[in-house]
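Asks: Model the following, please.
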Amino acid sequence: MTDATPTKSNLINAQISLELSQKAFELLDKKRNVLIREMMGLIGDARKIQDKIERTFNEAYKALQVANITMGISTVEDIALSIPEETEVGILLKSVMGVEIPRLRYEKEDLKPHYSFYRTNNAMDIALAQFREVKYLIYEMAEMENSIYRLAMEIKKTQKRTNALKNIQIPRYKEMVKTIQEALEEKEREDFFRMKVVKKKGLDKKS
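Replies: Next up, the predicted model:
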């Protein structure tokens, strides 16, 4: 592209292309920075949730062990089978700089035991409450992990585009503008010199 014919029209086109490339680079660079900040915030939140999941799960597992010992494993299994599966979970999409990231839609219901109290004890109630909390934390973790992945992929694509503009497109158009300007300036100097020669010859003839 640097061997374009050195005309004023091509110079204007090259200058416009350079300006557009520089603006595109600035916009993509801002987009990348926003996405990185968003992703880093999610990563920090995900770490906190992961720690909370581990703590809550450990508490739930300890309570479940106590329930198994005091109530019997078969009784605990029967109670577990009576608990309905989660079905009321929807997915909404939120746009962050054009990147759609998921938001799980669900309602935290009040704890309602699905078993009779005469066959259970406090350990079972604690285990149920803790595992229920783990379920909601896992929803949050799944949402964040998916969002982080999508943001990371978009950051990677945006980085490739900014690199292409910075290292290829912008230098190419700068070189084109410089080459055409130098060629036009050289042509102007030659025309000016030619006009002076023609004018001098005309004066010599008159004299």
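Asks: where along the protein do the helices fall?
Replies: 8-71, 73-82, 122-164, 170-206 (DSSP state H).
Asks: Give the buried residues for the second one.
Replies: Of the residues in helix 73-82, those buried under the neighbour-count criterion (16 or more other CB atoms under 10 Å) are 75-76, 79. Any C-beta I mention is one placed from the backbone N, CA and C, and that applies to glycine too.
Asks: among the helices of the chain, which is the most enclosed?
Replies: Sort the helices of the chain by mean neighbour count, taking mean count of other CB atoms under 10 Å, and helix 122-164 sits at the top with a mean of 17.
Asks: And that one, what does it pack against?
Replies: Contacts defined by 3 or more CB pairs under 8 Å, 6 or more residues apart in numbering; DSSP states H and E place helix 122-164 against helix 8-71, strand 99-105.
Asks: and the ones you listed, which one is worst for confidence?
Replies: With a mean of 84, strand 99-105 has the lowest mean pLDDT of these.
Asks: Dump it to CSV, restricted to CA.
Replies: Extracted C-alpha coordinates of strand 99-105, given in CSV (Å, rounded to 0.1, in the frame of the first residue of the first chain):
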residue,chain,number,x,y,z
VAL,A,99,-19.9,-9.0,25.5
GLU,A,100,-23.0,-10.9,26.7
ILE,A,101,-22.3,-12.5,30.1
PRO,A,102,-24.9,-14.7,31.8
ARG,A,103,-26.9,-13.9,35.0
LEU,A,104,-28.7,-16.8,36.6
ARG,A,105,-32.2,-16.0,37.6
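Asks: quick one: buried residues of that strand?
Replies: 99, 101.
Asks: So which elements touch it?
Replies: strand 90-96, helix 122-164.
Asks: And these: which comes nearest D51?
Replies: For these, proximity to D51 was assessed by CB to CB; helix 122-164 is nearest, at 10.1 Å.
Asks: Off-centre distance for the closest one?
Replies: Helix 122-164 sits 14 Å away from the centroid of its parent chain (CA atoms, centre = their mean, to the nearest Å).
Asks: about what we covered before: let me know which of the helices and strands packed on strand 99-105 is the nearest to K23.
Replies: Once these are compared by CB to CB, helix 122-164 is nearest, at 12.4 Å.
Asks: Find the nearest non-adjacent residue to V66, please.
Replies: Distance criterion CB to CB, 6 or more residues apart in numbering; nearest residue to V66, sequence neighbours excluded, is A123 at 3.9 Å.
Asks: F57 now?
Replies: Closest to F57 by CB to CB, 6+ apart is V134, at 5.3 Å.
Asks: I170 is nearest to which of the helices and strands packed on helix 122-164?
Replies: Of all these, helix 8-71 sits nearest to I170, with 5.1 Å by CB to CB.
Asks: okay, which residue is most central for this structure?
Replies: With distances taken as CA atoms, centre = their mean, L151 lies nearest the centre of the chain, 2.3 Å away.
Asks: wait, what's in contact with it?
Replies: Neighbouring residues of L151 by CB atoms under 8 Å, 6 or more residues apart in numbering: 35, 38-39, 42, 96, 99, 101.
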